[in-house]
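Participant: coordinates only, no sequence provided:
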């Protein structure tokens, strides 16, 4: 599954406040973006189409009705024009099959990274 999300951030005189900029400079802040109940696997700074950002890998267990599943997600995160942009790529497995998660995620990770590499901010090229 792949999802693109963006949220508007509060700007000060048209710019991100210093605190928001500092958040994206520290990997520990990326770790705080892991969903509730999730486990951080790795976080590192990246550049998406010329904008600073981060890459976040996490895992969590979800319960939906009578189904429990493990989710491993790779998020690419950046800020542009006061908007936080996430590209979320995820692999799901039934809880009993979670031991195969690394193998399954390994098959999709190259595609997820290609999606991140192909990310283009169209307003940059007006």
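Facilitator: It's in. Since we're looking at a predicted model, the values are computed, not measured.

Participant: quick check: which ranges of this structure have low pLDDT?
Facilitator: Counting by pLDDT under 70, the chain contains low-confidence ranges at 1-31, 126.

Participant: what about the strands in it?
Facilitator: In order along the chain, the chain carries the following strands (DSSP state E): 2-8, 39-48, 51-64, 67-80, 83-94.

Participant: okay, these, which one's buried deepest?
Facilitator: Neighbour counts (mean count of other CB atoms under 10 Å) averaged over each of these peak at strand 67-80, with a mean of 19. Where you see a C-beta, it was placed from the backbone N, CA and C, and this is true even at glycine.

Participant: nearest residue to residue 109 in space, please, no chain neighbours.
Facilitator: The shortest distance from residue 109 to any non-neighbouring residue, by CB to CB, 6 or more residues apart in numbering, is to residue 74 (6.9 Å).

Participant: residues contacting that neighbour?
Facilitator: Listed by CB atoms under 8 Å, 6 or more residues apart in numbering, the contact set of residue 74 reads 55-57, 88-90, 109, 112-113.

Participant: tabulate those in JSON lines, adding columns for distance to residue 125.
Facilitator: Listed next are those as JSON lines, based on distance: CB to CB, whole Å:
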{"residue": "55", "distance to residue 125": "23"}
{"residue": "56", "distance to residue 125": "27"}
{"residue": "57", "distance to residue 125": "30"}
{"residue": "88", "distance to residue 125": "24"}
{"residue": "89", "distance to residue 125": "24"}
{"residue": "90", "distance to residue 125": "29"}
{"residue": "109", "distance to residue 125": "28"}
{"residue": "112", "distance to residue 125": "24"}
{"residue": "113", "distance to residue 125": "23"}
